[in-house]
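Enquirer: Generate a structure from the sequence data that follows.
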Amino acid sequence: MTKICIFGAGAVGGYLAASLSKTDVNISLIARGEHKKVIQEKGLTLINNGVSNNFKFFVTENPNDLEIQDYIFISIKAQSIPLIVDSLIPIMNKNTTIISAINGLPWWYFYKANTGTILDEKYVESVDLNGKIWNTIKPERALGCVVYPACEILEPGTIRINQGDRFSLGEPDGTISERLDKIANLLIRGGLKAPKKKKLRDEIWVKLMGNCSFNPVSALTNKTLDEIGKDQELINTIKLLMGECRQVGEKIGVKFNVSIEDRIEGAISIIGHKPSTTHDLNSGKPLEIDPLIGSVIELGNKLNIETPNLKNIYIKIKNKAEDLGLYERNQIIETITE
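Expert: As a prediction, this is how the structure comes out:
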């Protein structure tokens with residue numbers, strides 16, 4: 001039986017676990033705190049389209065409690081991955097596949113990317129400081145994933161799906177491999193959409209174009225996406241941020257299949273939604289600033305592309321988060337994103 005570990009049984013991780021539990025796989029969750037305690041005692045409750053279901057799982061805080069896994073979904077904040085990779089060593093072998101179900105530029109991005117730039121086969125410092133993830137997990141284990149569902153933890157042990165059911169998947173080299181086929185089919189059998197993409201990086205950047213613009217603007221103003229859409233000054237800022245992001249992406253071969261205008265229109269048509277960065281800020285949780293914004297600035301600097309608007313909003317959101325104790329500066333990242 002296929003063994004799958006969900007490392008980080010939060011909103012997205014819990015949704016993945018509940019969906020995969022409908023198939024014939026062995027699922028284990030890594031969680032902590034009150035959320036873990038409730039899942040252990042009462043199971044995980046998932047609310048989707050107003051319907052509530054409860055799922056029972058083996059859940060632990062310690063990966064050493066598990067056997068070697070076939071797939072490990074990492075579903076924690078991107079900046080936290082370097083802190084947990086050593087704990088994955090006991091549950092990995094050479095055949096274990098790692099799927100990072102996270103926001104931002106993924107740590108494995110330039111593995112087999114063939115961009116023809118100095119970035120190929122190198123880790124991104126603002127995502128993977130000193131190459132900790134790259135050198136511990138190894139990029140050949142990575143399978144790419146773009147997460148679309150908007151989910152939230154209502155209370156410990158209870159998750160609500162607000163919208164979306166798609167997890168796009170792809171190999172770093174663009175092939176349709178056996179391991180990609182297998183996990184995509186499992187997700188589909190679990191009721192999710194799991195398209196297999198030969199050019200997943202294009203999709204990563206379309207999502208990143210929104211994350212590096214709407215996320216900080218919303219966090220700084222506490223506005224929903226549709227409220228931002230009604231403020232022309234904010235929309236002008238969004239356009240500038242997206243334009244710089246797009247310029248960096250195109251330099252490394254990304255093909256954007258959506259215009260900036262359409263990308264904005266798609267976002268502001270969602271009523272009452274605040275991006276994850278705003279939720280984290282309002283909940284007192286550390287912010288994903290470097291994976292969403294710092295990474296694009298770092299690539300721009302290395303490729304000699306000016307990103308003044310991204311740098312400006314990056315400074316503003318860092319200052320706000322730091323004042324609230326939700327961001328810790330690192331001198332290496334400060335230097336490469338200046």
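Enquirer: so where's the chain shaky on pLDDT?
Expert: For the chain, no stretch is flagged by pLDDT under 70.
Enquirer: any chance you could map the strands in it?
Expert: 3-7, 26-30, 44-48, 51-55, 58-60, 71-74, 97-100, 142-147, 150-155, 158-163, 167-170 (DSSP state E).
Enquirer: Surely D70 is in contact with T2?
Expert: Yes - if you go by CB atoms under 8 Å, D70 and T2 touch, sitting 5.0 Å apart. Heads up, the C-betas are built off the backbone N, CA and C, glycines and all.
Enquirer: Who has more neighbours out of these two?
Expert: The residue with more neighbours, out of D70 and T2, is D70; 19 against 15, by other CB atoms under 10 Å.
Enquirer: so what are the domain limits for this structure?
Expert: 3-198, 203-336 (automatic domain parsing).
Enquirer: Could you find the closest non-adjacent residue to V258?
Expert: Spatial nearest neighbour of V258, chain neighbours left out: V206 (5.8 Å); criterion: CB to CB, 6 or more residues apart in numbering.
Enquirer: For that neighbour, give me its contacts.
Expert: 256-258, 263 (CB atoms under 8 Å, 6 or more residues apart in numbering).
Enquirer: Report the buried members of the residues you listed.
Expert: Neighbour counting over the contacts of V206 (16 or more other CB atoms under 10 Å) leaves 256, 263 as the buried ones.
Enquirer: Where helices are concerned, which of the contacts of V206 count?
Expert: Among the contacts of V206, the residues falling in helices (DSSP state H) are R263.
Enquirer: between the contacts of V206, which is nearest A194?
Expert: N257 (19.3 Å; CB to CB).
Enquirer: List the contacts of the closest one.
Expert: N257 neighbours (CB under 8 Å, 6+ apart): 202, 206.
Enquirer: for I6, same thing?
Expert: I6 sits next to 13-14, 16-17, 27-30, 73, 75 when contact means CB under 8 Å, 6+ apart.
Enquirer: what's around the residue nearest to L299 when sequence neighbours are not counted, how many residues?
Expert: Nearest residue to L299, sequence neighbours excluded (CB to CB, 6+ apart): V248, at 5.2 Å. Neighbour count for V248, taken as other CB under 10 Å: 25.
Enquirer: how about the residue lying closest to G266 once chain neighbours are set aside, phi and psi?
Expert: In space, and not counting its chain neighbours, G266 is closest to V258: 7.7 Å by CB to CB, 6+ apart. Phi and psi for V258, reported as degrees, to the nearest 10, are phi -140, psi 140.
Enquirer: how far away is V258 from H273?
Expert: V258 sits at a distance of 19 Å from H273 (criterion: CB to CB, to the nearest Å).
Enquirer: Distance of S80 relative to G164?
Expert: Counting by CB to CB, the gap from S80 to G164 is 23 Å.
Enquirer: now do C212
Expert: Distance from C212 to G164, by CB to CB: 20 Å.
Enquirer: which residues in the stretch 201-338 of the chain form helices?
Expert: 214-221, 225-229, 232-251, 260-268, 276-283, 295-302, 308-323, 331-336 (DSSP state H, counting those that start in this stretch).
Enquirer: quick revisit: max pairwise distance over the contacts of V206: which two?
Expert: Among the contacts of V206, N257 and R263 lie farthest apart (CB to CB), at 10.2 Å.
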